[in-house]
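Engineer: sequence first, then the predicted structure:
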Amino acid sequence: MSSERARNPTRIEFAPATSIPDYLTDEIQAKLAYVDERIVRAQVSSDHILLEVSPWDEAQSAAELEGKVQRVVLSMAKGAFKPKVQILEDHLDRPVSFRQDPMPELLRRGEVSQEADGVYTLGPLLTRLIAFFEDQFLSLAASFDAAPYRFPTLIPARYLERVNYFRAFPHSLTFVTHLREDLDVIDEFSQHAACDQHGLTTPPGSFDTIQTLLSPAVCYHLYFALADKPLPGGQVVATAVGNCFRYEAINLTSLERMWNFTMREVIFVGSKDFVLENRELARQRMAKFFEAIGLAYRVESANDPFFIGEFRKQAAFQSAFQLKFEIRASLPYKDSTLAVGSYNYHQDFFGRSLNISLPDGSPAHTGCVAFGLERIAFAFLAQFGLYPAQWPAQVRAHLPI
């Protein structure tokens, strides 16, 4: 978060309207980032909520802010049940050689430069490490004879509307617009637009209607390319890498959570059995790679970060049908884990929503294997440090450093 927002925060504390189960505290804490733009920090436990708010003055109502927070708590926690977490692999006990946060040293060396909240430039060390992981993921794609694709960074709003994205994930969207095609508007902007610590200020009415957004995922582009027609040959396997954008407010911290990040995906479209069998095969193949480099991680069932009103219903649905499994790499310096990839099955959601049909006329099923490139590189550094000479031999052998 910016230093301006974090300056001299006011603390507001209260009890939640209903007891928050331990398994939901992190989810609710993350969602409080979207309750009010003045919140710079939130801390949640089963019976206590602490907010740090800035700016704030005594004339403002703490009760109004508390009311918004309680809406989130009641929506997500009241009547919630603990999902059964299925663990497919557990290698968190693998020995690692490093236990410090790599981020301060990366910043000190200039290997990472922060341009804005959640926006980073990466230097040679991380770039080469990411290239190493990319090579492994490309090898995975090649093992399925995946066809290579290149997708745009922009995605039409009408596409996301077709797959209900505005309802499921409105809080993470990043919008794109441009100046209106009007000489007077453009001239007015060029003379009066200015940028200060709060951002860009512009004359009112400068921007055109939003028709595109920055893409939140890679696989969506393939599904839209296949929409409204029979699936060629009854099945498709594709791979692509692309920039993804998911805004996470005060949750944008270090390379763990970035507004602009890069994702490599291997995507399966076809029958239910085809998708599920290939998803499992991909997991088995990646397990051999992670073992070879000594990565400490676990694969467990998970849910997507749905918006508050959708969270309980959608998370329960994903859990019941085991639609998502995350690869959670150990972060030894904080005794925690970080999702660095996932194995996903969407059932026939995209097939039905986008009219992608199998030869028998039924909707196609879809799934993907996705890897966050910056995240997996960061988790690797958190386990093995910043000196390549101390990295596992299987990694050193592939790097020109």
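Structural biologist: Received, thanks. Remember, it's a predicted structure, so these values are computed and weren't measured experimentally. Residues are numbered from 1 along each chain as shown.
Engineer: could you pull up phi and psi at the spatially most central residue of the chain?
Structural biologist: For the chain, the residue nearest the mean C-alpha position is Arg246 (6.1 Å; CA atoms, centre = their mean). Taking degrees, to the nearest 10, you get phi -140, psi 110 for the backbone angles of Arg246.
Engineer: how close does it sit to Phe169?
Structural biologist: Distance, Arg246 to Phe169, using CB to CB, to the nearest Å: 8 Å. Every C-beta, even on glycine, is put in place using the N, C-alpha and C of the backbone.
Engineer: between the two, what contacts are shared?
Structural biologist: Residues touching both Arg246 and Phe169 by CB atoms under 8 Å, 6 or more residues apart in numbering: Pro216.
Engineer: show the subsequent helix or strand relative to the strand or helix carrying Asn278.
Structural biologist: For Asn278, the host element (DSSP states H and E) is helix 272-293. Under the assignment DSSP H and E, the closest C-terminal helix or strand after helix 272-293 is strand 297-301.
Engineer: what residues does stretch 379-397 touch?
Structural biologist: So stretch 379-397 is contacted by 96-98, 100-102, 105-106, 109, 111, 125-126, 129, 132-133, 292-297, 329-333, 338, 340, 399, 401 (CB under 8 Å, 6+ apart).
Engineer: 7 Å instead, please
Structural biologist: 96-98, 102, 105, 125, 129, 132, 292-296, 329-333, 338, 340, 399, 401 (CB atoms under 7 Å, 6 or more residues apart in numbering).
Engineer: before we move on, what about stretch 204-213?
Structural biologist: Residues contacting stretch 204-213 (CB under 7 Å, 6+ apart): 154-157, 160, 173-180, 185, 189.
Engineer: tell me the buried residues in it?
Structural biologist: 206, 212-213 (16 or more other CB atoms under 10 Å).
Engineer: shaky segments in the stretch 201-350 of the chain?
Structural biologist: For the stretch 201-350 of the chain, the stretches flagged by pLDDT under 70 are 304-321.
Engineer: quick revisit: show me what the helix holding Asn278 is packed against.
Structural biologist: Contacts defined by 3 or more CB pairs under 7 Å, 6 or more residues apart in numbering; DSSP states H and E place helix 272-293 against helix 124-143, strand 260-270, strand 336-345, strand 365-372, helix 393-396.
Engineer: will you turn the ones you listed into a markdown table that also has mean neighbour count?
Structural biologist: Listed next are the helices and strands packed on helix 272-293 as a markdown table, based on neighbours: other CB atoms under 10 Å:
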| stretch | mean neighbour count |
| --- | --- |
| helix 124-143 | 17 |
| strand 260-270 | 24 |
| strand 336-345 | 21 |
| strand 365-372 | 25 |
| helix 393-396 | 14 |
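Engineer: closest to Gly199 out of those?
Structural biologist: Gly199 sits nearest to strand 260-270 of all the helices and strands packed on helix 272-293, at 16.6 Å, using CB to CB.
Engineer: neighbouring contacts of stretch 36-54?
Structural biologist: Contacts of stretch 36-54 (CB under 7 Å, 6+ apart): 1, 5-16, 19-20, 22, 25, 28-29, 32-33, 55-56, 65, 68-69, 250.
Engineer: can you list the domain ranges for this protein.
Structural biologist: 3-77, 87-153+216-396 (automatic domain parsing).
Engineer: just say which of the ones you listed is most tucked in.
Structural biologist: domain 87-153+216-396 (a mean of 18; mean count of other CB atoms under 10 Å).
Engineer: what's the offset of it from the middle of its chain?
Structural biologist: Domain 87-153+216-396 has its C-alpha centroid displaced from the chain centroid by 9 Å (CA atoms, centre = their mean, to the nearest Å).
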